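Trainee: only geometry, no sequence info:
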């Protein structure tokens, strides 16, 4: 097998292999050549070439999102690694194990005016779980081969460097696995960069992650508080599918004093749970908010999308807020007083067995209210004209069972929150930083990692912003993109501001007349444009069928009706 000649490159690659990090996303460059040579010549690794580093970062994150294991990105020196930063920050807040391997110049070449050099060490300091700054190997080109004392000193120094680098790499990769977050390893290489050898010159030791003992905690006081509370609200944020055993969900659902609110990205379902939080609370009176106010709030999962539930719980605060999760807990509602550092299954296995049913109408009252909302929701959808709202109704109802649904940020994810989705569909969205910058790249990476069909729903600005995501050779033929194109950032029309002015149109809504047609031609994607309810219905009949190319459905909607239809919705379903 072929290996890079540089020992430091061999060490990085060997330890990635030892940690079972198989997926490597490479961006072309020269300084990272030793890593590229090593990864691409070892059949253990699945390598991808993505030119745009921003897209590469999100593409890798999409793979890691699905596999729940570290995925590495590899880039050259200079500004290249800055383009990973949006994906790094998203991975940090979404708890996704992204490994950044950045090649660098030797330290002596930094700050002297050489090209492609910036201060790379600790560059992601505020959004990283570990930064490893490696030391370059001893430069063999500057040695006097006939001076044995110099060679002995060189060997001793190289041994110290090797030990330091091994420790740093082990720590970084282990932290990505244990803490489920992004790590950065900065790797300086001396030239020459393209040397190849047939055998490894180093044998780095893999530091095994020690088995973590689960702390035994006395839950008796919390169980007592739970059993006394007549109004218990369970709020579930972003959650990977199939992470919580159904028997525990059933126990929660069968307690009439427990109301469980979920979101489209929660990926848990039960007939006694309420999805679509905004649909329930979007137009409540003060008296009704008082009736919904819980005695105790229990949360698990990641970040919550609904602004309305955040506003509600900050104003109508429960007496206690508990959170379940092994990693960071957020005091979103300013009253967090207990964090259980367990997996949800471990916590519920210890806790729910001691749960005593409490007589209450808390759950039944709000389930009845939700059923009333659903009926009025259905009536409202039938009455509205062709618009973003009606489009999401048609599209979400057409997605095949057992698909994966990736949703873009801004308007797309907020519309999706208003509909009851097919429980067999797994839903994902980049809600760590909630940016539009890498939604398409993430969806494509996720589609590469699984066999099921992936459907990606996005807005026009998000799609065009990340159009370089299509610049790769890995998009599966069953991948489907649905673009809701209302010719601008329509979400800004529902926010306070002076609409229908030149200033608003130019600097907030950013009106445009672009379509995806030319991009689809350039990247060899099937393209279907529609602009009415009838043409949309006809297009959806065959859109998800098997094909020899990925497909794009672009839906042109009117730009000036959507805000009024959405805002009127909440009062109409009351």
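Mentor: Cool, the structure landed. It should be emphasised that the depicted structure is a prediction, and the values quoted were computed from it without experimental measurement.

Trainee: Please verify my assumption that residue 306 contacts residue 277.
Mentor: Yes: if you go by Cβ atoms under 8 Å, residue 306 and residue 277 touch, sitting 4.5 Å apart. Quick note: C-beta positions are derived from backbone N, CA and C, even for glycine.

Trainee: shared neighbours, these two?
Mentor: 263, 417 (Cβ atoms under 8 Å, 6 or more residues apart in numbering).

Trainee: Look through this structure and tell me its longest helix.
Mentor: Counting residues, the longest helix in the chain under DSSP state H turns out to be helix 148-179.

Trainee: Point out the other helices and strands that it packs with.
Mentor: Contacts defined by 3 or more Cβ pairs under 8 Å, 6 or more residues apart in numbering; DSSP states H and E place helix 148-179 against helix 7-18, strand 98-104, strand 130-133, strand 183-188.

Trainee: mind running it again at 6 Å?
Mentor: Packing contacts for helix 148-179, counted by 3 or more Cβ pairs under 6 Å, 6 or more residues apart in numbering; DSSP states H and E, involve strand 130-133, strand 183-188.

Trainee: Now render the ones you listed as a markdown table, adding mean neighbour count, mean pLDDT and distance to residue 104.
Mentor: Shown next, in a markdown table, are the helices and strands packed on helix 148-179 (neighbours: other Cβ atoms under 10 Å; pLDDT from 0 to 100; distance: least, Cβ to Cβ, whole Å):
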| stretch | mean neighbour count | mean pLDDT | distance to residue 104 |
| --- | --- | --- | --- |
| strand 130-133 | 20 | 96 | 9 |
| strand 183-188 | 25 | 97 | 4 |
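
Trainee: Any chance of those in a markdown table with distance to residue 533 as columns?
Mentor: What follows is those, written out as a markdown table (distance: least, Cβ to Cβ, whole Å):
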| stretch | distance to residue 533 |
| --- | --- |
| strand 130-133 | 52 |
| strand 183-188 | 48 |
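
Trainee: And the helices in the stretch 351-500 of the chain, which stretches?
Mentor: 362-383, 388-398, 411-416, 439-449, 460-465 (DSSP state H, counting those that start in this stretch).

Trainee: Averaged pLDDT, the second one. What do you get?
Mentor: Across helix 388-398, pLDDT averages out at 97.

Trainee: With stretch 204-215 instead?
Mentor: Stretch 204-215 comes out at a mean pLDDT of 85.

Trainee: So for that stretch, what gets flagged as buried?
Mentor: Neighbour-count burial for stretch 204-215 flags 204, 207 (criterion: 16 or more other Cβ atoms under 10 Å).

Trainee: repeat for stretch 121-136
Mentor: By 16+ other Cβ under 10 Å, the buried positions in stretch 121-136 come out as 121, 123-124, 127-136.

Trainee: got it, and stretch 418-432?
Mentor: 418-422, 425-432.

Trainee: and if you look at stretch 559-574?
Mentor: So stretch 559-574, judged by 16+ other Cβ under 10 Å, has buried residues 559, 561-563, 565-566, 569-570, 573.

Trainee: for stretch 69-84, same thing?
Mentor: Buried residues in stretch 69-84 (16+ other Cβ under 10 Å): 69-78, 80-84.

Trainee: Looking at those, which are in strands?
Mentor: With DSSP state E as the criterion, strands contain 71-75 from among the buried residues of stretch 69-84.

Trainee: I'd like those written out as CSV, with pLDDT and distance to residue 358 added.
Mentor: Formatted as CSV, those follow (pLDDT from 0 to 100; distance: Cβ to Cβ, whole Å):
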residue, pLDDT, distance to residue 358
71, 98, 45
72, 98, 49
73, 98, 50
74, 98, 55
75, 97, 56
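
Trainee: Relative to residue 392, which of those residues is nearest.
Mentor: Nearest to residue 392 out of these is residue 71 (Cβ to Cβ; 31.0 Å).

Trainee: All set, thanks.
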